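K.L.:
I would like to see how this sequence folds:
(2 chains)
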Amino acid sequence: DVKVTQSSRYLVKRTGEKVFLECVQDMDHENMFWYRQDPGLGLRLIYFSYDVKMKEKGDIPEGYSVSREKKERFSLILESASTNQTSMYLCASTPGTGSPYEQYFGPGTRLTVT
Amino acid sequence: DAKTTQPTSMDCAEGRAANLPCNHSTISGNEYVYWYRQIHSQGPQYIIHGLKNNETNEMASLIITEDRKSSTLILPHATLRDTAVYYCIVRSFNDYKLSFGAGTTVTVRA
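P.N.:
The predicted model follows:
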């Protein structure tokens, strides 16, 4: 089974802190994604990566950066956390671009910024 | 991408089949229909996808109408663990991202 793991299930940080969210997949997938999910707004793509050291902005990249130094690991960085970044963060991976490849999601990290 | 329309919620009795409808009347020829579900406080889980033929796997069946404007996800024997929000998504071949709408909240009752 494909396994996507995220470093924390729940995280509480203070405004202005630098926050690292880590994601690891064990299936040698090329593509990895970071989404956030908010009530009423659905799932929104923050960044994705199609190869090591390669990244592309999604729909809402402002306030975030990413790092992919190894194929299996994709990190999301909040340079200076703000309260409007309180959300559920979901990492996903997929073996190829586009259909018909399904995305495999991690369990999510619920981040609260106070 | 084409948009989808799903009922807001539905109930299902445990052990019975659950039929979840989805309308995607503006779907184009190269777009696939995907279904995901999300159990409370967990990440989304892929269920099944199809282009135009009906599909079946160990979790569910997907029935796509001949004109491809609608589809039905069938959970053949619903269990309490199938209680979740179910998302119908239409996605083109080259599209790398997923967008979830509100989905259908399915509650399986004993």
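K.L.:
hang on, residue B:14 packs against residue B:83?
P.N.:
No: checked against C-beta atoms under 8 Å, the pair residue B:14 and residue B:83 is beyond contact range at 9.8 Å. C-beta here means a position set from N, CA and C on the backbone, and glycine is covered the same way.
K.L.:
Show me whatever sits in contact with both of those two.
P.N.:
Residues touching both residue B:14 and residue B:83 (C-beta atoms under 8 Å, 6 or more residues apart in numbering or on different chains) are residue B:108.
K.L.:
the more surrounded of these two?
P.N.:
Neighbours per residue, other C-beta atoms under 10 Å in any protein chain shown: of residue B:14 and residue B:83, the larger number sits with residue B:83, 18 against 14.
K.L.:
Of all the residues in the helix or strand hosting residue A:46, which ones are buried?
P.N.:
Assigned by DSSP states H and E, residue A:46 belongs to strand A:42-51. Using 16 or more other C-beta atoms under 10 Å in any protein chain shown as the burial criterion, the residues of strand A:42-51 that qualify are A:42-50.
K.L.:
which residues does the residue nearest the centre of chain B contact?
P.N.:
In chain B, the residue lying closest to the centroid (C-alpha atoms, centre = their mean) is residue B:35, at 3.6 Å. By C-beta under 8 Å, 6+ apart, the contact set of residue B:35 is B:20, B:22, B:46-49, B:60, B:62, B:73, B:86-89.
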